[in-house]
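In: Here is my input; please provide its structure:
(one chain, ligands or ions: 2)
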Amino acid sequence: MHVVVNAAQSVDGKLATRRREQLRISGAEDFDRVDRVRAAADAVLVGVGTVIADDPHLTLDEEDRRVERLRNGRPGNPARVVVDSTGRTPADARILDDAATTYLLVSPATSDERREALEIAGAEVVVVGDDDGDGVDIATGFDALAERGIDRLMVEGGGEVIYSCFAAGVVDELHVYVGSMVIGGRDAPTLADGEGFTESFPRLDLVGTERFDDGVVLSYEVGNGES
Ligand SMILES: NC(=O)C1=CN([C@@H]2O[C@H](COP(=O)(O)OP(=O)(O)OC[C@H]3O[C@@H](n4cnc5c(N)ncnc54)[C@H](O)[C@@H]3O)[C@@H](O)[C@H]2O)C=CC1
Ligand SMILES: Nc1nc(O)c(N)c(N[C@@H]2O[C@H](COP(=O)(O)O)[C@@H](O)[C@H]2O)n1
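Out: Ligands and ions are numbered 1, 2, ... in the order given. Got it, this is the predicted structure:
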């Protein structure tokens, strides 16, 4: 599977304010670029923190891109994936509508009742444990997605899930829009939260810089080595 991470951050590395409310960091040109990246993906993934904070839809904005996908024998919209240890996705979340298939990667800690409620709401629930039994192991979850035909996955955030993807060593590309603003706040989400690396760090190769709106997109390939 090829994994592309895309996010928008302020110059001080924040994805949103400390209130964790959705914030428009990029502009129309960058949202069009994001739509193109989505259109190339088989699925778009977020963490449940993002679902609760933003209630995103994660479908394509441009009808032409949907038509092109259908012409190529693909679903009109990419599938949607939520990493959601205990099944906290609200049953009325926008990502559970019928615009695309939605997979919820949950842990065995999710109750049968909760799983059933989410399936009734429209989700395909996939149970993926980790060593502790109450989290989702990213590598195992991505294998489960590959078994369902997902070869190209776009990860949109938030910071906890992006960190987990780097920690699992599954990221191939990173695209970061750096908007010309300062958000600040020690508790505001950043591009990579989680526990953080202390000894060895994922190494990135800068392969592109491009201006969109009043910001810049930095594009990286992610090497397999660490330093
Ligand atoms: N500017 C941007 O491009 C974006 C900004 N955001 C912002 O990010 C914030 C949400 O980010 P976060 O709070 O970091 O939440 P998140 O979206 O990364 O979700 C984290 C949650 O996912 C669950 N989870 C299950 N297994 C996990 C695993 N293996 N690794 C990590 N999480 C796992 C946990 O319940 C965890 O609390 C919101 O404020 C949202 O607006 C989100 C996406 C893009
Ligand atoms: N690329 C980008 N730029 C921004 O300025 C943003 N605030 C975000 N946020 C993420 O975009 C997603 C919204 O999806 P829908 O438009 O509802 O489909 C969601 O994941 C946001 O957190 N992204």
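In: how about Tyr103, secondary structure?
Out: strand (DSSP: H, G, I helix; E, B strand; the rest coil).
In: who does it bridge with?
Out: Beta bridges link Tyr103 to Val81, Glu124, judged by DSSP bridges.
In: Could you pull up the residues touching the closest residue to Ser180 other than its chain neighbours?
Out: Spatial nearest neighbour of Ser180, excluding adjacent residues (Cβ to Cβ, 6 or more residues apart in numbering): Asp214 at 4.9 Å. Quick note: C-beta positions are derived from backbone N, CA and C, even for glycine. Neighbour list for Asp214: Gly27, Gly179, Ser180 [criterion: Cβ atoms under 8 Å, 6 or more residues apart in numbering].
In: Tell me how far the last one lies from Asp54.
Out: So that's Ser180. 22 Å (Cβ to Cβ, to the nearest Å).
In: circling back to that earlier point, return only those of the contacts of Asp214 found close to ligand 2.
Out: By Cβ under 6 Å from any ligand atom, no member of the contacts of Asp214 lies near ligand 2.
In: Where neighbours are concerned, which of these has the most?
Out: Most neighbours among those, by other Cβ atoms under 10 Å: Gly179, with 22 neighbours.
In: Strands along the protein, start to end?
Out: 2-10, 43-47, 79-83, 102-106, 124-127, 152-157, 173-179, 202-212, 215-226 (DSSP state E).
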